[in-house]
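In: sequence and predicted structure below; questions after.
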Amino acid sequence: MDKIGIVDTMFARYDMGSIAEEELKSLPGFNTKFTLIRRTVPGFKDLAVESKLLIEIEKCKIIIALGMVGGADIDKTCAHEASQGLMLAQLMTNTHILEVFVHENEEKEPHNLIPVCIDRAKKHARNAYYLLYAPEKLRNQAGQGIRQGYADAGPLLLK
């Protein structure tokens, strides 16, 4: 049976890991084709190593790494470093790690981030599933301006 890893952080202000977990549990094949392994780390700079451990030790086929970025400039720098770590872990393991970051400065009011967190976590959970079991679903959406967290932008059209 395949394993899908979910790694989230204590620093996040919303429990996106549970949203991703519930979304994956609702998809065909849960507990027959795949199971879930979830880990929580202190902050987003810890996501890369935990993701790599889940791939190498637990043999996860794909990872969903969820984190929240604070609004200060130093937080943006740290998010960039965390993102670089996730990319390196992907290249070192030849395994997709879907980075699911929500930035506090995406909305002026913190409570307005809740629907962004929910939508982004759900859609990336489905993206992970599709990467493993139905890649044609992603291919069919190529060039369509599909977004996670907000409404789709839509494709560019010639006038």
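Out: Looks like it arrived, so ask away. Numbers count the residues shown, from 1 in each chain.
In: what segments of this protein are helices?
Out: 16-25, 47-56, 73-93, 113-133, 135-139 (DSSP state H).
In: distance check, the residue lying closest to Thr95 once chain neighbours are set aside against Ala65.
Out: Spatial nearest neighbour of Thr95, chain neighbours left out: Ile55 (4.8 Å); criterion: Cβ to Cβ, 6 or more residues apart in numbering. For every residue, glycine as well, the C-beta is placed using N, CA and C. According to Cβ to Cβ, to the nearest Å, Ile55 and Ala65 sit 11 Å apart.
In: again with Leu47
Out: 4 Å.
In: shared neighbours, those two?
Out: Val7, Leu86 (Cβ atoms under 8 Å, 6 or more residues apart in numbering).
In: those two: who's more crowded?
Out: Ala65 (32 against 28; other Cβ atoms under 10 Å).
In: so what's the more buried one bridging to?
Out: Beta bridges link Ala65 to Val7, Glu99 when assigned by DSSP bridges.
In: what separation do you get for it and Glu99?
Out: From Ala65 to Glu99 the distance is 6 Å (Cβ to Cβ).
In: what residues are shared contacts of those two?
Out: Shared contacts of Ala65 and Glu99, counting by Cβ under 8 Å, 6+ apart, come down to Leu86.
In: in contact with Ala82: list those residues for me.
Out: Contacts of Ala82 (Cβ under 8 Å, 6+ apart): Phe44, Lys45, Leu47, Ala48, Gly67, Phe101.
In: tell me the spacing between the spatially most central residue of the chain and Ser83.
Out: Using Cα atoms, centre = their mean, the residue of the chain that lies closest to the mean C-alpha position is Val100, 3.3 Å off. Per Cβ to Cβ, Val100 is found 11 Å from Ser83.
In: which residues do these two both contact?
Out: With Cβ under 8 Å, 6+ apart, Val100 and Ser83 have no common neighbours.
In: if we can go back for a sec, what touches both of Ile55 and Ala65?
Out: Ile97.
In: among the helices of the chain, which is nearest Asn105?
Out: Relative to Asn105, the nearest member of the helices of the chain by Cβ to Cβ is helix 73-93, separated by 8.3 Å.
In: how about the closest one: buried residues?
Out: The neighbour-count check on helix 73-93 (16 or more other Cβ atoms under 10 Å) flags Asp75, Cys78, Ala79, Ala82, Ser83, Gly85, Leu86, Ala89, Gln90, Thr93 as buried.
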